[in-house]
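[1] With the input below, show me the fold.
(one chain, ligands or ions: 1)
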Amino acid sequence: MGRKFLVALGSAALALSLAACSGEGAGSNGSSGADKPSDLTIGVSMPTQTSERWIADGNAVKSKLEAKGYKVDLQYAGDDIPTQSQQVDQMITRGADVLILAAIDGTALSSQLQAAAAAKIPVISYDRLIRGSKDVDFYVSFDNYKVGVAQGTALLVGLGLLNKDGSKGTAKGPLNVELFAGSLDDNNTQYFFGGAMDTLKPFIDDGTLVVKSKQTTPEQVAILRWQQETAQKRMENLLTSSYNDGSKVDGVLSPYDGISRGIITALQNAGYGSGAKKLPVVTGQDAEIASIKLINDGVQSSTVFKDTRLLADQAVNAAEAFLQKKQPQANDTKTYNNGVKVVPAYLLPIATVYKDDIKATLIDSGYWTAEEVAAGQAKK
Ligand code: BGC
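    Numbers count the residues shown, from 1 in each chain. Reported below is the predicted structural model:
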């Protein structure tokens, strides 16, 4: 417990004098009137440990905050909405001073947010925007629409319809593609899929790309909770329903590396990748180590790299700003309307990674080592 309890009393002067009596620490940092970092706890709620990006996010946020002396209450919710609600409730009752939340379902935490607002706890929405609440104070993420554009573009480049510089490629249609999107309860899904479809639509409209299954709406192509197994099953069903006439899939739009691996497994089980039946071009996201090895081995075509170390930095900056009673610095105050208000955001850039980019983008930046890429496994 720290600043928020005192601020709730409404007067900075009163707060300072009470803090001095109670030994809570407010004001002990001199002129800023802030608590000592060691008196402040940041609650960090992450959705799941089944995808390595969230483990990296959680570890990075925790270690960066701890290096500054703050206490961190980090919890993973196992992709279970009631678990996440309960964990956030507990963070509030245990006296968190700021919350950093990556929601499983962007609409499911509203009662926790109300409780946080009542206790004057600032809430930072981490990577996924929390929807339908006025009590979201800041958003840190990547440019999610651009992620979708990058995925659509990578599909076109992989198919040879575009060159990497954006010029027209040598390939000719018609080429068969299938589309996948992420979990519909994740606010990012609409940006990823929207960006990708804006990029692919002209090629679908003129017949260069053909979606044989005719499944093109978000509802038809979404994968609940981004599950690899669900994606594998859907790809198996697509192969049975739409490609049992001898036709072949040339490309698959995938929004996330785990989904990509499910898709690739289904394709390999159906004989793709051996003999004349080339594996389709498959996109991805997150630069997960298992997929980077697949890209290095020529199995997956691309991924979109989002440097979680930089996102953690932004979350820490925002948390510190709130703890110092300042507003975090935003670089986007227009895009992210959560249904109730536009949430000020700090958005980070993204990078497409094809095989040729692995060294410069991932190894030279220290994100993965060459050994990890060769093994397809993270060391720690
Ligand atoms: C994140 C992606 C991630 C996906 C599945 C999205 O909200 O932005 O980076 O691939 O969730 O975990």
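[2] my guess is residue 352 contacts residue 306, does it?
    No - look at residue 352 against residue 306 with Cβ atoms under 8 Å: they stay out of range, at 11.0 Å. For every residue, glycine as well, the C-beta is placed using N, CA and C.
[3] Residue 178 belongs to a strand, doesn't it?
    Yes - per DSSP: H, G, I helix; E, B strand; the rest coil, residue 178 lies within a strand segment.
[4] and it, how many neighbours?
    26 (other Cβ atoms under 10 Å).
[5] Residue 167 versus that one, what's the distance?
    26 Å (Cβ to Cβ, to the nearest Å).
[6] In the stretch 151-300 of the chain, mark out all the helices, start to finish.
    187-205, 218-221, 228-242, 257-269, 289-296 (DSSP state H, counting those that start in this stretch).
[7] List the contacts of residue 151.
    192, 195-196, 253-255, 283-285, 304 (Cβ atoms under 8 Å, 6 or more residues apart in numbering).
[8] Which of those are buried? Put it as a PyMOL command.
    Applied in PyMOL, the following selects the buried portion of the contacts of residue 151 according to 16 or more other Cβ atoms under 10 Å:
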select buried, resi 192+195+196+253+254+255+283+284+285+304
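[9] What about the ligand: which of the contacts of residue 151 touch it?
    residue 285 (Cβ under 6 Å from any ligand atom).
[10] Closest to the ligand out of the contacts of residue 151?
    residue 285 (4.8 Å; Cβ to the nearest ligand atom).
[11] ok now do the closest one, which residues does it touch?
    147, 151, 192, 254-257, 303-304, 306.
[12] Can you flag which of those belong to strands?
    303-304 (DSSP state E).
[13] Distance to residue 43 and pLDDT for the contacts of residue 285 - can I get that in TSV?
    Shown next, in TSV, are these (distance: Cβ to Cβ, whole Å; pLDDT from 0 to 100):
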residue	distance to residue 43	pLDDT
147	27	98
151	32	98
192	27	98
254	33	99
255	28	98
256	26	98
257	28	98
303	31	98
304	29	98
306	23	97
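[14] Farthest-apart pair in the contacts of residue 285, please.
    The span of these, defined through Cβ to Cβ, is set by 254 and 306 at 15.2 Å.
[15] could you point out which element follows the lowest-mean-pLDDT helix or strand in the chain?
    Least confident element among the helices and strands of the chain, by mean pLDDT, DSSP states H and E: helix 12-22 (a mean of 34). Downstream of helix 12-22, the next assigned helix or strand under DSSP states H and E is strand 41-46.
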